[in-house]
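>>> Sequence plus the predicted model coming up.
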Amino acid sequence: MNTQIKTAFYWLLLGICFLTHTLFHMYGLFYGADIRLPEATGEISLGVQAFNTVIFTVTFLMALLSVHLSGKGFRWFSLVWSALFLLLNLFHWAATVFVEAFDLSQVCLLTFVPVVNVLLTVALWKSLKQTAS
């Protein structure tokens, strides 16, 4: 498969996984759980809005740009962004598995996410090494 299409697919899959992760958190509502954060005031802070923009919107933007851009600069940016996401995903996986209350669906999903993230990072790294040769 074309590396450009593969990269776009991995970014898109990560975005879908992030949305699914959020959906899984909201499942408690169906069973009567209070999912509000203890410090919730009814307003979404600017920090949370910025985080959501980076996690969700930029991930989908990377998928779109991966279809249209193939330059070395973009691939380096994509590789760095993917590596940062991989660190975030590994720390989040560890927090979910070892710190939070056990949730099988979250553990399975958050195990899948770093696998996709590694595949993305490796594909980007290989594409950069091929052009360097």
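Thanks, I have it.

>>> check contacts around the most centrally placed residue in the chain.
Centroid-nearest residue in the chain, with Cα atoms, centre = their mean: L14, separated by 4.5 Å. Neighbouring residues of L14 by Cβ atoms under 8 Å, 6 or more residues apart in numbering: T59, F85, V113, V116, N117, L120. In this view, the C-beta of every residue, glycine as well, is placed from N, C-alpha and C.

>>> which strands and helices sit next to the longest helix along the chain?
Identified as the longest helix of the chain according to DSSP state H is helix 104-132. Identification of packing neighbours for helix 104-132 by 3 or more Cβ pairs under 8 Å, 6 or more residues apart in numbering; DSSP states H and E yields helix 3-26, helix 72-98.

>>> Go through the ones you listed and name the closest to G47.
helix 72-98 (15.3 Å; Cβ to Cβ).

>>> what mean pLDDT would you report for the closest one?
The average pLDDT within helix 72-98 is 95.

>>> That helix: which residues count as buried?
Neighbour counts over helix 72-98 (16 or more other Cβ atoms under 10 Å) mark R75, S78, L79, W81, S82, F85, L86, N89, H92, W93, T96 as buried.

>>> same question, stretch 108-126
Those would be L109, L110, V113, P114, V116, N117, L119, L120, T121, A123, L124, for stretch 108-126 by 16+ other Cβ under 10 Å.

>>> so what's F60 scoring on pLDDT?
98.

>>> picking that back up, average pLDDT for the longest helix of the chain?
Here the average pLDDT along helix 104-132 is 95.

>>> just to revisit the earlier point, how close does the residue nearest to the centre of the chain get to A33?
For L14, the distance to A33 equals 27 Å [Cβ to Cβ, to the nearest Å].

>>> ditto for S45
Distance, S45 to A33, by Cβ to Cβ: 22 Å.

>>> Check V118 too.
Applying Cβ to Cβ, the value for V118 to A33 is 33 Å.

>>> and what of E43?
Separation of E43 from A33 (Cβ to Cβ) stands at 22 Å.

>>> Between these two, which has more neighbouring residues?
Shown here are E43 and A33; by other Cβ atoms under 10 Å, A33 has more neighbours (11 against 7).
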